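> need the 3D shape of this:
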Amino acid sequence: MDVPAGKTVTTNVGDFVSVPCAELWVPCGMIHVDTVTWMTAAGGNFVMDPSRWEYRLYVTSEGTRSEGWHGELFHDADVVGPSPELATPMGTFAWVDYPFAWGWHGWFHRAWVPAE
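Down below sits the predicted model:
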């Protein structure tokens, strides 16, 4: 069966949605709609978006007391603007903006950000 990404097919064993295969570690193919709902609600590494995602991390004044880190997130070659959190195929990212030139600025993986 050749089903376009995002389309649903009804069979005698249930409804299945076609999830594009973008990365090897992300579930893809024909997945039961109940499973897709569970993966989305449970915060799994699941984003139905076949567009390219890219993460860049820059270090300024490396090795000094003024060292700073700046994280950028790109979606389909466009810079992603600030928001509290964003789910991507690479996991959830959080926006951090330290009040000084040093420290963390921009997008960082949620697992890297210390609990508040």
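
> got the confidence number for the spatially most central residue of the chain?
Nearest to the geometric centre of the chain sits residue 88, at 1.2 Å (Cα atoms, centre = their mean). We have a pLDDT of 81 for residue 88.

> so it is in contact with residue 53, correct?
Yes. Between residue 88 and residue 53 there is a contact at 5.1 Å, judged by Cβ atoms under 8 Å. All C-beta spots, glycine's among them, are computed from the backbone N, C-alpha and C.

> any shared contact partners between those two?
Residues touching both residue 88 and residue 53 by Cβ atoms under 8 Å, 6 or more residues apart in numbering: 73, 75.

> residue 104: which element?
According to DSSP states H and E, residue 104 maps onto strand 103-109.

> buried sites along that strand?
104-109 (16 or more other Cβ atoms under 10 Å).

> just send those back as TSV, with pLDDT too.
Formatted as TSV, those follow (pLDDT from 0 to 100):
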residue	pLDDT
104	92
105	95
106	96
107	96
108	94
109	89
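
> which one of the residues you listed is nearest residue 29?
Distances from residue 29 to these, taken as Cβ to Cβ, are shortest for residue 109 (26.1 Å).

> partner residues bridging that closest one?
For residue 109, the beta-bridge partners are residue 93 (DSSP bridges).

> which residues sit in contact with it?
Residue 109 sits next to 55, 90-94 when contact means Cβ under 8 Å, 6+ apart.

> from residue 37, how far off is it?
Per Cβ to Cβ, to the nearest Å, residue 109 is found 25 Å from residue 37.

> excluding its backbone neighbours, what's nearest residue 14?
Nearest-residue entry for residue 14: residue 32, 5.5 Å, with adjacent residues in sequence omitted and distances by Cβ to Cβ, 6 or more residues apart in numbering.
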